[in-house]
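Asks: Provided below are the primary sequence and the corresponding predicted coordinates.
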Amino acid sequence: MRIAAPAFAFVGSGCLLVLEIVAARLIAPDLGVSLYTWTSVIGVVLAGVTLGNFLGGRLADRRPAASTLAVLYLAGAAASLVVLGVLHVVHSIELPYSTPALLQVLWVTALLFLLPATLLAMPTPLLTRLSLAAVEEGGRVVGRIQAAAALGSIVGTFLTGFFLISWFGTRHIVAGIAGVLVLLAVAARPSWLHPRGVSSVLGLLAVLALAGAAVGAGWAAGSTCLRESDYYCITIAPVPAVPANTRTLYLDGLPHASVDLARPDTLVFDYEQLYAAVLEAARPLHSRLDAFFLGGGGYVFPRWVEAHYRGRSTVAEIDPAVTQVVERYLGLHLSPRLTAHAGDARRVLETLPASTRFDAVIGDAFNGMEVPWQLTTKQFDKVVAAHLRPQGLFLLNLIDGVHDDFLRSEVRTLRTVFPYVTIAASTWPPGVVRTTYVLVAAKARPAERLPVVSAASLDRFVAHGHSVVLTDDHAPVEQLLAPVSAQLMQAQIATAP
């Protein structure tokens, strides 16, 4: 064990970090991917490591044996499989939804991942104890075990983020972690493989854990994701109460686009219809319009622009898998007039030549729970302004409600860059229910009257409520949207089967 201990620490800690990276992806369909999600995952795993080191140290003093180590690995394998089972029924668990959004995310994350993180951290102190032959070599042993564990964590992090998720998907990875932990248990206690050992209780546990890993891997194949990419769980489903040939694109469980397969340029969502109304008021149909899109989603509005205007449309979609799914299942046909770039919209726009200008920059990267904050700031607005023609428009869809602090903040931020800022909304003034708004910003007031709220009404709205100017150094988007996220999660649970 003294010789093999660093290898055990390397593999075991690698499994822990693989689980940590996968954790955020597993809960994304229910809780979204936000600062709250990652903070909760990291905090819960660190809490598990802290508790595991404490309990593992006490256990190492009381039962310093290879059999104890093997049982810990088996327990970790079982806890990992339990994650898949609990995740499958998370909607039916009674949760304290009256609490703030950050506590809701933290509670669910702790429910799923605190136990396996604790169990996976407990072997490290035991490995150190089993490797000690004399007190004089304690420093070298502790350093060797800790270094191996840290190296395993690093390899597990990079391997998962760069390769494993896109190769296998999250549920298969969790089942694989369980399988690796079972192998560690058998390696720590090879006597279990002896014919007499199989009849023992611990040997039976090993067999059951192997069977559980196999069952978990099979169940994982039934994931609801049509495709699990490096960014999203991508799903396509029919839409109730609309024509039968309409399909909705879901990313991490949230609807991003509804596409009429017979007429893919049909605008189903209200904000898309607001976009169309603003563009038609500003520029005649079938005139030339060069547009840049922040996000592609189902590529509905880019296809509408392609069908109703001359000119070129450039789409920046961060996830190439989304574009591929829309091409395969939702009838997207890219062409010289409609091109797609894989990458973050801000980076794509920043890398365009300074001479590249557009008549419209159109945002479609926000939703009620996931907002890429780097697209909300004053610095980004300056990048947009630099690539707009003098009469160009910046259209940005935004979901807010309850207190509407994010909406106020985005209006204030746009006003630091654009002389003309207004809002197109299907309902006004704002209420307490989640609502989609379309913000309109321009270097000069458009020549035509747009279907927007009055300047006086907008001024009163911004003045009577909390808001901040969003910058690259200070963009508390998750905090501003916390009441809306809580409202959305309550609605999801209320309608869940």
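Replies: Sure, I can see it.
Asks: Show me which positions of stretch 409-420 end up buried.
Replies: Of all the residues in stretch 409-420, those buried under the rule 16 or more other C-beta atoms under 10 Å are 409, 410, 411, 412, 413, 414, 415, 417, 418, 420. (Glycine included, C-beta is placed from N, CA and C.)
Asks: Residue 189: which of these is nearest?
Replies: Checking the buried residues of stretch 409-420 against residue 189 by C-beta to C-beta gives residue 409 as the nearest, at 57.8 Å.
Asks: mind checking how far the closest one is from residue 388?
Replies: 22 Å (C-beta to C-beta, to the nearest Å).
Asks: wait, is residue 391 part of a helix?
Replies: No - with DSSP: H, G, I helix; E, B strand; the rest coil as the criterion, residue 391 is located in strand rather than a helix.
Asks: thought it was touching residue 420?
Replies: No - using C-beta atoms under 8 Å, residue 391 is not in contact with residue 420, being 10.7 Å away.
Asks: what's the overlap in contacts for these two?
Replies: With contacts taken as C-beta atoms under 8 Å, 6 or more residues apart in numbering, residue 391 and residue 420 have 442, 443, 444, 446 as neighbours in common.
Asks: Name only those of those residues that count as buried.
Replies: Those of those that meet the buried threshold are 442, 443, 446, by 16+ other C-beta under 10 Å.
Asks: quick one: least confident of these?
Replies: Lowest pLDDT of these: residue 446, 79.
Asks: give the contact list for it.
Replies: Taking C-beta under 8 Å, 6+ apart, one finds 281, 282, 391, 393, 420 in contact with residue 446.
Asks: try it again with 10 Å
Replies: Contact analysis of residue 446 by C-beta atoms under 10 Å, 6 or more residues apart in numbering lists 278, 281, 282, 283, 391, 392, 393, 420, 422, 440, 452.
Asks: Mind checking what secondary structure it has?
Replies: Assigned by three-state DSSP, the conformation of residue 446 is coil.
Asks: Then the one 4 residues further on?
Replies: Three states are possible here, and by three-state DSSP the one that applies to residue 450 is coil.
Asks: In JSON lines: the buried residues of stretch 409-420, plus pLDDT, secondary structure and distance to residue 465.
Replies: What follows is those, written out as JSON lines (pLDDT from 0 to 100; DSSP: H, G, I helix; E, B strand; the rest coil; distance: C-beta to C-beta, whole Å):
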{"residue": "409", "pLDDT": "96", "secondary structure": "helix", "distance to residue 465": "10"}
{"residue": "410", "pLDDT": "96", "secondary structure": "helix", "distance to residue 465": "13"}
{"residue": "411", "pLDDT": "96", "secondary structure": "helix", "distance to residue 465": "11"}
{"residue": "412", "pLDDT": "96", "secondary structure": "helix", "distance to residue 465": "11"}
{"residue": "413", "pLDDT": "97", "secondary structure": "helix", "distance to residue 465": "15"}
{"residue": "414", "pLDDT": "97", "secondary structure": "helix", "distance to residue 465": "16"}
{"residue": "415", "pLDDT": "96", "secondary structure": "helix", "distance to residue 465": "15"}
{"residue": "417", "pLDDT": "97", "secondary structure": "coil", "distance to residue 465": "21"}
{"residue": "418", "pLDDT": "96", "secondary structure": "coil", "distance to residue 465": "21"}
{"residue": "420", "pLDDT": "93", "secondary structure": "strand", "distance to residue 465": "22"}
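Asks: for those residues, which one is nearest residue 191?
Replies: Distance to residue 191, by C-beta to C-beta, is smallest for residue 409 among these, at 63.6 Å.
Asks: Surely the closest one touches residue 462?
Replies: Yes - look at residue 409 against residue 462 with C-beta atoms under 10 Å: they come within range, at 9.2 Å.
Asks: Low-confidence regions, the stretch 351-497 of the chain specifically.
Replies: Within the stretch 351-497 of the chain, the ranges that satisfy pLDDT under 70 run 367-369, 426, 431-432, 447-448, 485-497.
Asks: now do 90
Replies: Across the stretch 351-497 of the chain, the ranges flagged by pLDDT under 90 are 364-373, 398-403, 424-437, 444-456, 476-497.
Asks: Which of the residues in the helix or strand encompassing residue 52 are classified as buried?
Replies: In the assignment (DSSP states H and E), residue 52 maps to helix 35-62. Of all the residues in helix 35-62, those buried under the rule 16+ other C-beta under 10 Å are 35-37, 40-41, 44-45, 47-49, 51-52, 55-57, 59-60.
Asks: Could you report the distance from residue 59 to residue 188?
Replies: 14 Å.
Asks: Next: residue 111.
Replies: Counting by C-beta to C-beta, the gap from residue 111 to residue 188 is 29 Å.
Asks: What of residue 28?
Replies: Here the criterion is C-beta to C-beta. By it, residue 28 lies 34 Å from residue 188.
Asks: list the helices and strands the host helix or strand of residue 158 packs on?
Replies: Take DSSP H and E as the rule and residue 158 turns out to sit in helix 138-159. Under the contact definition 3 or more C-beta pairs under 10 Å, 6 or more residues apart in numbering; DSSP states H and E, helix 138-159 sits against helix 5-31, helix 123-131.
Asks: Which of the ones you listed has the lowest mean pLDDT?
Replies: Of all the helices and strands packed on helix 138-159, mean pLDDT reaches its minimum on helix 5-31 (a mean of 88).
Asks: for that one, which positions count as buried?
Replies: Buried positions in helix 5-31, judged by neighbour count with 16+ other C-beta under 10 Å: 5-6, 8-31.
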